[in-house]
Each structure stands twice: as C-alpha cells, then as structure tokens.
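Asks: sequence first, predicted coordinates after that:
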Amino acid sequence: MVSAAVERLLCRLVDLANDTNTHVGAAVVGRGPGDYRESFDLAHEAGAITRELADNLKPSVGLRNTIVHEYVSIDYDIVAAAVPMALESYTEYRRQVAAFALEQH
C-alpha cells in the first residue's frame, strides 16, 4: 500500500502544478497550455518559475502519465528514485510560485 500512496502523491504534485500553471498562464499570458509539459513552459513564460526549474519538472509529467494511464508496468525502482527529485524540485516550485504570487499583489 505504501507504493500506491507514493504513486498517488507524485501524481497529485504534477496535477496541482498543472492546475497552477494553467491558471498563471491564463491570467498573465492570456492562454492555457496544450498539455501538462507545456504548462511548465507557460509558467516560465509568465515569470512564475525559472527555465531551469521548468525543464527539471517536465519529466515528472511522463512518470505521472505512466502511473495514471498504465502505459507499461510500473517500475517501482523508477518511482522510488523520483521521490527525492520530487521533494527537491517541487519544494523549489512551491517557493518560486509563492514568491511570484506575492509579487503580483
């Protein structure tokens, strides 16, 4: 059951970031993304996150899609390896988006 919880949390991180990116893109740039990966580019274009962070986070979309859509059998070694990256990158994402939101007000 721990693996299912980790999968769910990783998927939620990506989903929530996509929702945030979509909102930021619509509000600042005037359009939404075509897909989840593009949402990170849009967040960068809007000034919410750095290019480096956008590029670091885009691979998490592939893992999310594999988990959600079950394209292939899930390799739990890959999922386990994604956890430290997610902690680091999504913590930085939260920091950058929060700073961006504060600047907007």
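Replies: Yes, it's here.
Asks: okay, CA-based contacts and neighbour counts for the rest of this
Replies: Fine.
Asks: in this structure, which spans are strands?
Replies: For the chain, no strands are identified by DSSP state E.
Asks: ranges for the helices of it?
Replies: All helices of the chain, identified by DSSP state H, fall at 2-24, 36-46, 51-69, 76-104.
Asks: deepest-packed of the ones you listed, please.
Replies: Of all the helices of the chain, helix 36-46 carries the top mean neighbour count, a mean of 22, counting by mean count of other CA atoms under 10 Å.
Asks: pLDDT below threshold where in this structure?
Replies: Scanning the chain for pLDDT under 70 picks out 71.
Asks: spit out the contact partners of the most centrally placed residue in the chain.
Replies: Nearest to the geometric centre of the chain sits Val14, at 3.8 Å (CA atoms, centre = their mean). Counting by CA atoms under 8 Å, 6 or more residues apart in numbering, Val14 touches 60-61, 64.
Asks: surely Ala54 is in contact with Gly47?
Replies: No. Ala54 lies out of contact with Gly47 (CA atoms under 8 Å); the separation is 10.9 Å.
Asks: against His105, how distant is Thr91?
Replies: Per CA to CA, to the nearest Å, Thr91 is found 22 Å from His105.
Asks: and if you look at Ser73?
Replies: In terms of CA to CA, Ser73 sits 45 Å off from His105.
Asks: more neighbours, the two?
Replies: Ser73 (8 against 5; other CA atoms under 10 Å).
Asks: give me phi/psi at the more buried one?
Replies: Per-residue torsions, Ser73: phi -60, psi 140 (degrees, to the nearest 10).
Asks: now Ile67: how far from Gly47?
Replies: 30 Å.
Asks: picking that back up, now distance to Asn18 too, for the contacts of Val14, in TSV please.
Replies: Formatted as TSV, the contacts of Val14 follow (distance: CA to CA, whole Å):
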residue	distance to Asn18
Ser60	11
Val61	9
Arg64	11
